[in-house]
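Colleague: Give me a 3D structure for the following:
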Amino acid sequence: MANTIDLFCWPKKDDLQSFSPHCLAVMAYSQFSKASVRVHKCARLQQYTASLPVAYNNGKMIEGMESVFTFMRSQGWNADYGLSEKQQADTLAFEALVKDKLEPAILHLQFVNAENFSNCVRGYYANACSFPWNFYIPGRLQKRAQLTLSALQPTSNRKSDLPDSSLQKKVITEARHCLSLLSKFLHDKEFLFGDSPRTMDAVLYGYLAFLLKSNLPNNVLCAHIRGCPNLNRFVCHVDDQFMKSVPKASTTDASVIIPRLSLSDDRKAQLKVLASIGIGVTAMLAYALLSGIISITLEDDPDADYVTFSVDNRCDDTQHEETTDNSQQ
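Modeller: Numbers count the residues shown, from 1 in each chain. Purely as a prediction, here's the structure:
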């Protein structure tokens, strides 16, 4: 067995241990397999990559849900031990089904639905990240989701990198069908393959718990899940029996275990973000000056040892002139 794994995840929100289905799945798997882990909220390096969850152990970093599962198995923490060949094949089939049919709908609800992104998702990721990442990460995650969803559209309909409105109905319909199939397979069992939780149970928990507890303003799949009593029971059972015991790291541990080698890359990324912000501010000021919105007047007093300048805002004058013209008409 390996030493304790440091697991970096997006932080909790409301009743969710994390606001990420993949992070929730990895947390659940660590409990199912009895892995030795410490869970940290996101750190600087992972904020830049935006690829949480990330596992770190003995100088090695593993990014992404599937990769973390594979690493834990390689270290002896295997929740799928004892599955028959048919059950292993079913696991692969269900993982593919969820990734192809359920994950696109969740991405759409989070990052394409304007109400959800503006009122909930953007604010969460901005609060979870430190400056200047709070300006960068929400947009980066949204762009990544948009590119993923646009790839699902037929090439003939792909006019840009943005998913069109017709895609929403398609992904939501397929997600409902996927949830119904999973509910039918679960039936009245405690877990998908009997009395013991497996990898697919961890994946299913991550998606279901997110949809049920994320409190998105516009969440059409939540009602569908609530209409499947066995799926609700499944989430409650995992919460009560496993998720309450997820080990938390102290606030001082996170800064200690981040690899020194990666911090230089993180610093370079931070400088790039700051440079982008600086370029944007400079461009806005240049536009304001060239368009006459703002004017700068130098006042040279021959009796003084310095030169003063004043800044005039033309917007107020323009609005005043328009108001005067309208009143005269």
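Colleague: Just the strands from the chain, written as ranges.
Modeller: Secondary structure of the chain (DSSP state E): strands located at 5-9, 37-41, 54-57, 60-63, 294-300, 307-313.
Colleague: Lowest average confidence across those, which one?
Modeller: Least confident of the strands of the chain, judged by mean pLDDT, is strand 307-313 with a mean of 53.
Colleague: low pLDDT regions in the protein?
Modeller: Scanning the chain for pLDDT under 70 picks out 1-2, 43-50, 154-165, 249-276, 289, 292, 294-329.
Colleague: Let's see that with 80 instead.
Modeller: Scanning the chain for pLDDT under 80 picks out the ranges 1-2, 42-51, 130-132, 152-166, 247-329.
Colleague: care to break it down by domain?
Modeller: 5-258, 259-291, 293-329 (automatic domain parsing).
Colleague: ranking the ones you listed by burial, who's on top?
Modeller: domain 5-258 (a mean of 18; mean count of other C-beta atoms under 10 Å). (C-beta placed from N, C-alpha, C; glycine too.)
Colleague: how far away is Lys27 from Ser20?
Modeller: To be clear, residue 27 is Met; Lys isn't right here. Met27 is 10 Å from Ser20, where distance means C-beta to C-beta, to the nearest Å.
Colleague: cool, and Ala105?
Modeller: Distance from Ala105 to Ser20, by C-beta to C-beta: 15 Å.
Colleague: Please apply the same query to Val112.
Modeller: 17 Å.
Colleague: How about Val171?
Modeller: Distance from Val171 to Ser20, by C-beta to C-beta: 19 Å.
Colleague: Likewise for Asn230?
Modeller: For Asn230, the distance to Ser20 - C-beta to C-beta - is 24 Å.
Colleague: And Asn57, by the same measure?
Modeller: 20 Å.
Colleague: Over to Trp10?
Modeller: Note on Trp10: its distance to Ser20, by C-beta to C-beta, is 4 Å.
Colleague: and if you look at Gly139?
Modeller: Gly139 sits 17 Å away from Ser20, going by C-beta to C-beta.
Colleague: now swap in Val235 and tell me
Modeller: 16 Å.
Colleague: and what of Leu179?
Modeller: 19 Å.
Colleague: Likewise for Cys42?
Modeller: Distance from Cys42 to Ser20, by C-beta to C-beta: 10 Å.
Colleague: What sits closest to Ser180 if chain neighbours are left out?
Modeller: Spatial nearest neighbour of Ser180, excluding adjacent residues (C-beta to C-beta, 6 or more residues apart in numbering): Cys228 at 7.4 Å.
Colleague: That neighbour and Leu181 touch, don't they?
Modeller: No - Cys228 lies out of contact with Leu181 (C-beta atoms under 8 Å); the separation is 10.8 Å.
Colleague: Tyr56 bridge partners, please.
Modeller: Under DSSP bridges, the beta-bridge partners of Tyr56 are Asp6, Met61.
Colleague: re the thing from before, between Cys42 and Ser20, which contacts overlap?
Modeller: Cys9, Trp10, Leu52 (C-beta atoms under 8 Å, 6 or more residues apart in numbering).
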